[in-house]
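**Q** what's the 3D shape of this:
(one chain, ligands or ions: 1)
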Amino acid sequence: MTKTLRVGILGATGMVGQRFVELLENHPQFQITALAASDRSQGKTFAEACTWRLAGAMPESVKTLAVQAPEPTLDCDLVFSSLPGDIARRTEGDFAAAGYPVISNSSAFRMDHDVPLLIPEINPEHLALIDAQKKSSNGQHGFIVTNPNCSTIMLALALAPLHQKFGIESVIATTMQALSGAGYPGVASLAISDNVLPFIESEEEKIEQETLKILGKLNGETIDDAQMRVSAQCHRVNVSDGHLAAVRVKLKGPAKIDEVKQAFSSFSALPQELKLHSAPEQVIIVREEKDRPQPRLDRDAGNGMSITIGRLQPDNVLDYRFVVLSHNTIRGAAGAAILNAELMLAMGNLK
Ligand code: NAP
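**A** You can find the predicted model right below:
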């Protein structure tokens, strides 16, 4: 067993921060030694500062840890960040400059040319950007690795096997995104009850841009975007957890529907080969029932780390259409960042 690394969580009291705490409890390789949040929470114990909003009880091991300012120096070997995007750029940059590996959920650095936008099943070779990052940032000893936006992750995981086997010309994705994706307290109950909101700030742009980088090719010290067109429309719906997207794809080469289904269900990659702790055995679960996937029934598949695809059919306008679902705060956020760290540990990027 690899030795345990001490981890800090920036934004530990938030929706994603609490998922980190939950998923890291009893993790074989990472132990929480530092928690940080806003000045509202600093100086309190985690039990005092955090209203626990997940099922089950707050883990005993974190209750008495003091919540600190999200500034170096924290007593840990690496930090997971779930800070709001507007403060993440400065704060995560400060931690990297101070020598910490920063494994971030926030959007602040995702599109920087030398920052890996990592999904371990798709682009583990993008970790080579860490060296470029250290070279180009004067005197910086740490580095930043990001995971994509919560909707982008499931879309990219669904597209990856099609991109590898048949090539993709264009993609149209229409999302229905859960309330927990907006953090806590998130959307006002009067705005979302009996309603669907057809706008989520910057979400469509993130999906359209991030997908191309994730599926892109490493070229020396940068990534060449995948050559395909991606169009996204995003909606907030009255569901607690679990993002859903209706997707249509036009492929570059011919593919029978059984070949598409087989490409999804047989998709397996380095995290499965390495048997990383958080890697699901089945990355993509294909459901045959005509009314699946559904957020309440399918979001916890593979401990929240599998994605579920259903409703696969030929499409009259593009080639195929399907519906994809994933747990937005697990595969779409904290679980994604933890899997990134497990891969980085296995590949020698974390010491
Ligand atoms: P959240 O519930 O609003 O939590 C925000 C966290 O950041 C809290 O711990 C909060 O501390 C802390 N914080 C806020 N302002 C701060 C400041 N000025 N200085 C220091 N700490 C501050 O948000 P969330 O949903 O967990 O999202 C966190 C990040 O993850 C965002 O960048 C979001 O875009 C990204 N993300 C979220 C999801 C999702 O499904 N929710 C998925 C992927 C990525 P206090 O409690 O002390 O205020």
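
**Q** Now for the residue in the stretch 101-250 of the chain that the ligand sits nearest to, how many residues are close by?
**A** Sorted by distance to the ligand under C-beta to the nearest ligand atom, the residues of the stretch 101-250 of the chain start with Gly183, at 2.8 Å. For every residue, glycine as well, the C-beta is placed using N, CA and C. Residues within reach of Gly183, counting by other C-beta atoms under 10 Å, total 16.

**Q** For it, give its distance to Val171.
**A** 27 Å (C-beta to C-beta, to the nearest Å).

**Q** Give me the contact status of stretch 292-307 with the ligand.
**A** No - judged by C-beta under 6 Å from any ligand atom, stretch 292-307 stays clear of the ligand, getting no closer than 11.5 Å.

**Q** gap between the two ends of that stretch?
**A** The straight-line separation of the ends of stretch 292-307 (C-alpha to C-alpha, to the nearest Å) is 12 Å.

**Q** Leu244: what secondary structure?
**A** strand (DSSP: H, G, I helix; E, B strand; the rest coil).

**Q** what residues are up against it?
**A** Residues in contact with Leu244, defined by C-beta atoms under 8 Å, 6 or more residues apart in numbering, are 175-177, 237, 293, 295, 323-325.

**Q** so of those residues, which ones are in helices?
**A** Among the contacts of Leu244, the members falling in helices (DSSP state H) are Pro295.

**Q** Point out the ones among the contacts of Leu244 that are inside strands.
**A** 175-177, 323-325 (DSSP state E).

**Q** State the pair within those that is farthest apart.
**A** For the ones in strands among the contacts of Leu244, with distances taken as C-beta to C-beta, the pair at the greatest spread is Gln177 and Val323 (13.6 Å).

**Q** how about the residues of the stretch 151-300 of the chain near the ligand?
**A** Going by C-beta under 6 Å from any ligand atom, the residues of the stretch 151-300 of the chain near the ligand are 180-181, 183-184.

**Q** Mind checking which of those residues are buried?
**A** 180-181, 183 (16 or more other C-beta atoms under 10 Å).

**Q** just the helices in the stretch 1-150 of the chain please.
**A** Assigned by DSSP state H, counting those that start in this stretch, the helices in the stretch 1-150 of the chain fall at 15-24, 46-49, 60-63, 85-97, 129-136, 150-165.

**Q** need those helices in TSV with mean neighbour count and mean pLDDT, can you?
**A** Output for these, formatted as TSV (neighbours: other C-beta atoms under 10 Å; pLDDT from 0 to 100):
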stretch	mean neighbour count	mean pLDDT
helix 15-24	25	98
helix 46-49	18	98
helix 60-63	15	97
helix 85-97	18	96
helix 129-136	17	89
helix 150-165	24	98
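
**Q** JSON lines please, covering those and showing distance to Pro70.
**A** JSON lines is the format used below for the helices of the stretch 1-150 of the chain (distance: least, C-beta to C-beta, whole Å):
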{"stretch": "helix 15-24", "distance to Pro70": "11"}
{"stretch": "helix 46-49", "distance to Pro70": "13"}
{"stretch": "helix 60-63", "distance to Pro70": "16"}
{"stretch": "helix 85-97", "distance to Pro70": "5"}
{"stretch": "helix 129-136", "distance to Pro70": "21"}
{"stretch": "helix 150-165", "distance to Pro70": "21"}
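
**Q** Give me the neighbour count for the nearest residue to Lys217 once chain neighbours are set aside.
**A** The spatial neighbour of Lys217 that comes closest, neighbours along the chain excluded (C-beta to C-beta, 6 or more residues apart in numbering), is Asp224 at 4.9 Å. If you count neighbours by other C-beta under 10 Å, Asp224 ends up with 12.

**Q** Looking at the buried ones among the residues of the stretch 151-300 of the chain next to the ligand, which one is closest to Pro161?
**A** Among these, and counting by C-beta to C-beta, the member closest to Pro161 is Gly181, at 24.9 Å.

**Q** I'd say that closest one and Gly242 touch.
**A** No - Gly181 is beyond contact range of Gly242, at 9.5 Å (criterion: C-beta atoms under 8 Å).

**Q** what is in contact with these two at once?
**A** Counting by C-beta under 8 Å, 6+ apart, the residues touching both Gly181 and Gly242 are Asn328.

**Q** got TSV for the ones in strands among the contacts of Leu244, with neighbour count too?
**A** TSV is the format used below for the ones in strands among the contacts of Leu244 (neighbours: other C-beta atoms under 10 Å):
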residue	neighbour count
Thr175	27
Met176	20
Gln177	24
Val323	21
Val324	26
Leu325	28
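
**Q** mind giving me CSV with those and columns for pLDDT and distance to Thr91?
**A** Listed next are the ones in strands among the contacts of Leu244 as CSV, based on pLDDT from 0 to 100; distance: C-beta to C-beta, whole Å:
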residue, pLDDT, distance to Thr91
Thr175, 99, 28
Met176, 98, 32
Gln177, 98, 26
Val323, 99, 37
Val324, 99, 32
Leu325, 98, 32
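
**Q** Using TSV, lay out the residues you listed together with distance to Asn219.
**A** Converted to TSV, the ones in strands among the contacts of Leu244 look like this (distance: C-beta to C-beta, whole Å):
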residue	distance to Asn219
Thr175	30
Met176	35
Gln177	32
Val323	34
Val324	29
Leu325	33
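
**Q** which one of those sits closest to Ala37?
**A** Nearest member of the ones in strands among the contacts of Leu244 to Ala37, counting by C-beta to C-beta, is Gln177, at 24.2 Å.
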